[in-house]
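Peer 1: fold the following, please.
(one chain, ligands or ions: 2)
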Amino acid sequence: MVSVAEYSVALSEELFRVEGVHFRYREGSPWALRGVDFVLRRRRRVAFVGANGSGKTTTFFVLRGLFTPEKGRVAFRGTEVYPAPTLPAREREKLLQSVGILFQDPDDMLISLTVLEDVAFTPLHRGLPWEEAERRARAALARLGIESLADRPPRELSFGQKKLVALAGLLAAEPEVLLLDEPMAFLDPRGRRLLLAILEDLFASGVDLVVATHDMRFVARWAEDVVVLSEGTVLFRGSPAELFRRDDVLDAAGLEDPGV
Ligand SMILES: Nc1ncnc2c1ncn2[C@@H]1O[C@H](COP(=O)(O)OP(=O)(O)O)[C@@H](O)[C@H]1O
Ligand SMILES: [Mg+2]
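Peer 2: Ligands and ions are numbered 1, 2, ... in the order given. This is a model prediction of the structure:
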């Protein structure tokens, strides 16, 4: 259950409130999320951690409104988006459009013939003229140091390059909230440093960030709030410092103390 302290978070400070959320991929299959509860606050660097299969990716899809829970409630910035029977699907999508999600697998995001078209896709789709969409796309590519990829077909890129292109596509859409699903995976050291700098830059410019990761050094260095998932439930919510004192939680969730 959501704790009393979390209930007292002022509505205006809430990013997401999730209560008792159950989700499964098919009727009759086991729950991927079995009663997930947490409150995420605005203007905090949030990390989700947990072993493979603990429910991080599923949770992000629920937050972005891409998966519908079978039970429970989800609110975004104080507005209930699920079950919210009187909120039309189009209104919910409009609300959640300010939330960008970087998929764990960039192949799920890259659909166009060239990198430039891909990165320009969302601004274009939202009705901007091509010149403005292209300007935003080129700026996003430059910000990530990958302008030289603009004319390449996305499917020919390395995994790390694809991840950066997918991120450029999100930046071009100018999100207010970003959910990043294992953004560091398969990035080289330069890519990681770049990503960290971009995250800081985004956070400073007012974007709320939620990162799912296995990288406990990153959690120790970057996160202010941590949610630990294990087998579709929340095992812990608190600061990284508190988490690293909790050997019981680390053991149960299959996590390592980063030793920093
Ligand atoms: N597409 C899918 N179809 C069926 N089950 C899935 C699918 N994706 C994930 N699951 C299951 O849902 C649970 C949570 O998975 P997931 O959210 O991907 O975990 P994580 O991102 O933490 O590794 C796991 O038991 C996983 O096997
Ligand atoms: Mg995952």
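Peer 1: tell me the residue of this protein that sits nearest ligand 2?
Peer 2: Evaluated by Cβ to the ion, the chain has T57 as its residue closest to ligand 2, separated by 3.2 Å. Where you see a C-beta, it was placed from the backbone N, CA and C, and this is true even at glycine.
Peer 1: count the neighbours of that residue for me.
Peer 2: Neighbours of T57 under the rule other Cβ atoms under 10 Å: 21.
Peer 1: and the host helix or strand of it, what does it pack against?
Peer 2: Element membership for T57 (DSSP states H and E) is helix 56-63. With contacts taken as 3 or more Cβ pairs under 8 Å, 6 or more residues apart in numbering; DSSP states H and E, helix 56-63 sits against strand 14-23, strand 33-41, strand 45-49, strand 71-76, strand 99-102, strand 177-181, strand 208-212.
Peer 1: could you dump those strands to a markdown table with distance to ligand 1?
Peer 2: Below are these laid out as a markdown table (distance: least, Cβ to the nearest ligand atom, whole Å):
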| stretch | distance to ligand 1 |
| --- | --- |
| strand 14-23 | 8 |
| strand 33-41 | 7 |
| strand 45-49 | 8 |
| strand 71-76 | 16 |
| strand 99-102 | 13 |
| strand 177-181 | 7 |
| strand 208-212 | 6 |
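Peer 1: make a markdown table out of those and add mean pLDDT.
Peer 2: Shown next, in a markdown table, are those (pLDDT from 0 to 100):
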| stretch | mean pLDDT |
| --- | --- |
| strand 14-23 | 98 |
| strand 33-41 | 98 |
| strand 45-49 | 98 |
| strand 71-76 | 98 |
| strand 99-102 | 97 |
| strand 177-181 | 98 |
| strand 208-212 | 98 |
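Peer 1: so which of the ones you listed gets nearest F244?
Peer 2: Taking Cβ to Cβ, strand 45-49 is the member of the helices and strands packed on helix 56-63 nearest to F244, at 11.3 Å.
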